[in-house]
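Chemist: I'll drop the sequence and a predicted model, then ask my questions.
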Amino acid sequence: MKSKDRLPDKKSKVTVREVALLAQVSETTVSRIMRKEGSVANETRERVMNAVRELGYVPNRLAGSLASLNTNLVGVLVPSLQNIVFPEVLRGIQAGLSGSHMQAVTSVTDYDFATEESMVRGLLAWNPAAVLVTGLNHNEATSRMLRQSSGRVVEMMEVDSEPIDVAVGMFHRSAGYETARYLLQKGYRHFGYVAHDIGPDRRARLRHEGMAQALSEAGLGFIAESRAETPSSIGIGKVMTARLLERAPDVKVAIYSNDDMAVGGVFHCMEAGLSIGSDLSIFGFNGLEIGRHLPQPLSTMRSNRFLIGKTAIEQILQSPERPAEPVRIDTGFEIVEGATA
């Protein structure tokens, strides 16, 4: 794919008139729907929104002569604030912004593509200097809006595929692979997997794929997996660990989708009278502070979350213009040996 195909002419703004023509309605109707004003038939609204998504249209909230200028806003979209992972990214962003003229505006998508699309459209309407989104996976409408936007776009947390502009993060598939290799080298052969709902969590899915590859190369696989249908939490990790051991009591090491879930596994073992490291070994992901302060420090893989946020901001402060080719910045990962695996 050519560079000009990836990054359309950012000066060519889709107009209300183009949306109206495609949807076969008046420009006034398009404007009312975008402002969510008045009563409009559902069929008309759906036709207009389909045209909006197809064209990548973003309403302009800046009037008159200001319409061609970027604001000092930096839009930041994260999927969750339920654990310390994304707040640490936000701390890095704030550290990077310190002393600059820019201000961050943060929204939470709850891992929902439709919510992300709506939030991106709302942010771009204010012509921000940059938009920082989480991950490289978006729906088609969101990707189109980001590609056609006038500001910088930073996709945070992963670098497993090519970004729109710049990606800052780690290779999650490699992280999963190295996790399994590390545990195989320690002599483990009976593996289990415990996870939150990883359906919308591409990064967790990539790590699982990497683990499965490393185990397959060793002629092994997961004896059993226990996956919740809810977001991650310590409580869910505790319940899912109990369920895993009910299904496969011969599992000797459980790999968890993240540290929240792994801490829940530790609590289950404590409650059930199981010896951690003997009856069941536990390995997490993220390197959260709570894991370091357990009676037996959690064995896990640390991601450089603060660095990801800070580096993302540094990239947009270095230049207001996108590079000729997309850039990936690998912030790496580190295995924390701990005492649970």
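Modeler: All right, it came through fine.
Chemist: Flag the shaky bits of the stretch 51-200 of the chain, pLDDT-wise.
Modeler: Scanning the stretch 51-200 of the chain for pLDDT under 70 picks out the ranges 60-70.
Chemist: Tell me which residues are up against stretch 260-279.
Modeler: 82-83, 194-196, 232-242, 254, 256, 280, 282-285, 288, 290-291, 294, 296, 298, 300, 339-341 (CB atoms under 8 Å, 6 or more residues apart in numbering). The way it works is simple: take the backbone N, C-alpha and C, and place the C-beta from them, glycine included.
Chemist: just how off-centre is it within its chain?
Modeler: The chain centre lies 28 Å from the centre of stretch 260-279; the measure is CA atoms, centre = their mean, to the nearest Å.
Chemist: Would you map the helices across the chain?
Modeler: Here the chain has its helices, by DSSP state H, at 3-6, 16-23, 27-35, 42-55, 85-97, 113-124, 140-148, 172-185, 202-217, 234-247, 259-272, 289-292, 305-318.
Chemist: So which of those helices is nearest Asp330?
Modeler: For those, the distance to Asp330 is smallest for helix 172-185, at 9.4 Å, taking CB to CB.
Chemist: buried ones in the closest one?
Modeler: With burial defined by 16 or more other CB atoms under 10 Å, the residues of helix 172-185 counted as buried are 172-184.
Chemist: Now distance to Val58 too, for those, in CSV please.
Modeler: As requested, the buried residues of helix 172-185 are exported to CSV (distance: CB to CB, whole Å):
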residue, distance to Val58
His172, 30
Arg173, 33
Ser174, 35
Ala175, 35
Gly176, 36
Tyr177, 39
Glu178, 40
Thr179, 40
Ala180, 43
Arg181, 45
Tyr182, 45
Leu183, 47
Leu184, 49
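Chemist: quick one on the thing from earlier: would you mind giving me the ChimeraX syntax to select the buried ones in the contacts of stretch 260-279?
Modeler: In ChimeraX, a selection of the buried entries from the contacts of stretch 260-279 looks like this (16+ other CB under 10 Å):
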select :83,194,195,196,232,233,234,236,237,238,239,240,241,242,254,256,280,282,283,284,285,288,291,294,296,298,300,340,341
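Chemist: What is the burial count for Glu140?
Modeler: 12 (other CB atoms under 10 Å).
Chemist: Brilliant, that's me finished.
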